[in-house]
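> Mind folding the following:
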Amino acid sequence: MANDSNKMFYGDGQAGDWNPRDYIKKIKCGFVGKAGVKEADKVELFSLSLASTSVAESWFDALDPIHTATWAALEKEFNVKWPKEVLEEKSPQEMADKMLDLCMSPTDAQ
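Down below sits the predicted model:
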């Protein structure tokens, strides 16, 4: 996509939306390593990158002010709403079995 860095976050998991983990990293890149960035500015940067009338903006607007007082509190709530996906590691045999299942036609299984 052209210029992903300016793309808004919707939070609905639809095609073309940010992966929540990548989105939060993008936001943090906006202030990590920059001296003097205030907590309120971090939270505002976050809120300004949420798409209007989106799932993400509705979620943010409904947060208790205690959860938007600091970046750490906001990030914690974000991680509750959009938890990190745990990837299940498969053994070589499990992957081979899955590949075989995908390659077999319904008539092959009979």
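
> List the contacts of Met8.
Counting by Cβ atoms under 8 Å, 6 or more residues apart in numbering, Met8 makes contact with 49-52, 54. For glycine as for every other residue, the C-beta is placed from the backbone atoms N, C-alpha and C.

> what residue is smack in the middle of the chain?
By Cα atoms, centre = their mean, the chain has its centre lying nearest to Pro20, at 0.3 Å.

> tell me which element Glu77 is part of?
For Glu77, the host element (DSSP states H and E) is helix 71-81.

> got the contact list for that helix?
Helix 71-81 is contacted by residues 11, 20, 24, 39, 42-43, 46, 59, 63, 66-68 when judged by Cβ under 8 Å, 6+ apart.

> Keeping just the C-alphas, turn that helix into PDB.
Provided in PDB are the C-alpha atoms of helix 71-81 (Å, rounded to 0.1, in the frame of the first residue of the first chain):
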ATOM      1  CA  TRP A  71       1.000   5.900  27.500                       C
ATOM      2  CA  ALA A  72       1.600   2.800  29.600                       C
ATOM      3  CA  ALA A  73      -2.000   2.700  30.800                       C
ATOM      4  CA  LEU A  74      -3.300   3.200  27.200                       C
ATOM      5  CA  GLU A  75      -0.900   0.600  25.800                       C
ATOM      6  CA  LYS A  76      -2.000  -1.900  28.400                       C
ATOM      7  CA  GLU A  77      -5.700  -1.400  27.500                       C
ATOM      8  CA  PHE A  78      -4.800  -1.700  23.800                       C
ATOM      9  CA  ASN A  79      -3.200  -5.000  24.500                       C
ATOM     10  CA  VAL A  80      -6.300  -6.200  26.300                       C
ATOM     11  CA  LYS A  81      -8.600  -5.200  23.400                       C
END
